[in-house]
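> generate coordinates for the sequence data below:
(one chain, ligands or ions: 2)
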Amino acid sequence: MGRYGRAYTISNVLLAIYVTAFCYFNREKLKLFFNGDLDFSAAKLMDISNTEYPPGPTAEPTSLPSHINEVGFQELVDNFPLWSPKFIIVGVMKCGTGAAHTFLGNHPNAVPATAEAYFFNKDKNYEQGFTYYRKFFLRVGHKQQPYVHYEKSPTYYRSLTAPPRMKEMNETLKVVNVVCDNVKRTLSRYLHIKTHTDDGHFSHNHLSLIGQTLEEFQVNLRNTIRTFGAFLEDVKNNEGDGTIEGLIKALSYRFKHKMRPFGIRATQDKIELILSDGFYAVFHKYWQQFFPDDQLLVVDGGQFLKTPWEPMVEIQRHVGLSERINSSSFTFRDGMDVPCFIDAQENVNCLPEQKGRSLHKSLDMDVVRALHELYRPFDAYFAQKVLHRSPFQWNYGLEAP
Ligand SMILES: *[C@@H]1O[C@H](CO)[C@@H](O)[C@H](O)[C@H]1NC(C)=O
Ligand SMILES: *[C@@H]1O[C@H](CO)[C@@H](O)[C@H](O)[C@H]1NC(C)=O
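Ligands and ions are numbered 1, 2, ... in the order given. As a prediction, the model looks like this:
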């Protein structure tokens, strides 16, 4: 063995010892961070480091940012099971996540986060670690023990980073997704953007790209449905095997690689992004790679307007809350399109009518038909092949009078 060979061998041994010790220490730190409840095996650490996602708060923080003083690091670690969310409502924007949230607010044990955290899907939030996330769970208000903390951020459902990061936080976390008729969702989404452009939440530029008025939006929508339909046909035949199954597979690949029609940069047409947000099957199959089916609940948000107790009972069962919210909790008032909640003090609280905003607006019949045609195979596949349930009764705008 030459001079350098020997040094090389020694340094290799030292390196191996160092790596082993480093991994061991980090593993202990991770365990500590989670109060030792989770088994962070070496294999699991490997899994985590092999993903394409940036390392998350499990390895951080080793010290507290100076601006955080309401909770000490050790306290954060010790109390993780006490404050961390036990379930998360992940979407879908404009499908009734607000209604679910409002009704759950009446459950004596359900403690909502103080705001939508966008923690798992926005890197700038996630990189601040659980010291940041914890701030959403500091208040329990008038709730009773046992506290069941939860969070709602309606864009998690279509995030590439949210599922692996949530799994890393808590493997047994319960996830709730509220889906709905895509035709109604498309309309609600437009009206939402328009309303919130007026109050400064969205830029005027964004609105002008999709349509300043509902009429203009529909003109653009007609064009998008045509070009998008042709694009999907292309993907189906060239990247898939000509079947809907093959198309979903090809789209899943495109979703994971931030390609059209999912990547914000890769998708020129902003209306196409609104439409692809409705490919629930693609997103749900991705979630299934991280969580078993019994942790992933999908409810039909369309039911919140007529039979809100049905999805509410499903949600309470799924997340392990007592069934305090049931059909006796709701009432309907003459002339109102939205259900009202009867709280413990017998007060009647109605959803803001604005929540049913789209009820008073509609899309032209040709647009309604074209959208239903676009989504029908996706929705059928989602119900039958992904969720193994009966088909959704989604026929917004086509209902018998
Ligand atoms: C993880 O989530 C499950 C299910 O909600 C909950 O029972 C458990 O306490 C959580 N673990 C931690 C460490 O918070
Ligand atoms: C609803 O729950 C309450 C208790 O929280 C119970 O008294 C009532 O009978 C339930 N109603 C129905 C229709 O199950």
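
> quick one: L374 and F228 touch, right?
Yes - with contact taken as Cβ atoms under 8 Å, L374 and F228 are classed as touching, separated by 7.4 Å. From N, CA and C alone the C-beta is placed, and that goes for glycine too.

> need the residues touching each of those two.
Between them, L374 and F228 have L275 as joint contacts when contacts are counted by Cβ atoms under 8 Å, 6 or more residues apart in numbering.

> now do the strands in the stretch 251-400 of the chain.
Applying DSSP state E, counting those that start in this stretch to the stretch 251-400 of the chain gives strands spanning 296-300, 330-331, 340-342, 348-350.

> which residue packs closest to L275, ignoring adjacent ones?
F228 (6.1 Å; Cβ to Cβ, 6 or more residues apart in numbering).

> tabulate the strands of the stretch 251-400 of the chain in a markdown table, adding columns for mean neighbour count and distance to ligand 1.
Listed next are the strands of the stretch 251-400 of the chain as a markdown table, based on neighbours: other Cβ atoms under 10 Å; distance: least, Cβ to the nearest ligand atom, whole Å:
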| stretch | mean neighbour count | distance to ligand 1 |
| --- | --- | --- |
| strand 296-300 | 22 | 12 |
| strand 330-331 | 14 | 26 |
| strand 340-342 | 17 | 25 |
| strand 348-350 | 13 | 27 |
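
> closest to T197 out of those strands?
strand 348-350 (26.6 Å; Cβ to Cβ).

> show me what the closest one packs onto, helices and strands only.
Counting contacts by 3 or more Cβ pairs under 8 Å, 6 or more residues apart in numbering; DSSP states H and E, strand 348-350 packs against strand 340-342.

> about what we covered before: which residues touch the helix or strand containing the residue nearest to L275?
Counting by DSSP states H and E, the element that carries F228 is helix 214-238. Counting by Cβ under 8 Å, 6+ apart, the neighbours of helix 214-238 from elsewhere in the structure are 186, 190-191, 194, 210-211, 242-244, 246-247, 250-251, 254, 260-261, 269, 271-272, 275, 361, 363-364, 366-367, 370-371, 374.

> what residues does this protein put near ligand 1?
Counting by Cβ under 6 Å from any ligand atom, the positions of the chain adjacent to ligand 1 are F34, D37, F80, P81, S84, K86, F87, N170, T172, L173, K174.

> worst mean pLDDT across the helices and strands of this protein, which element?
The weakest-scoring helix or strand in the chain, judged by mean pLDDT, DSSP states H and E, is helix 42-50 (a mean of 24).
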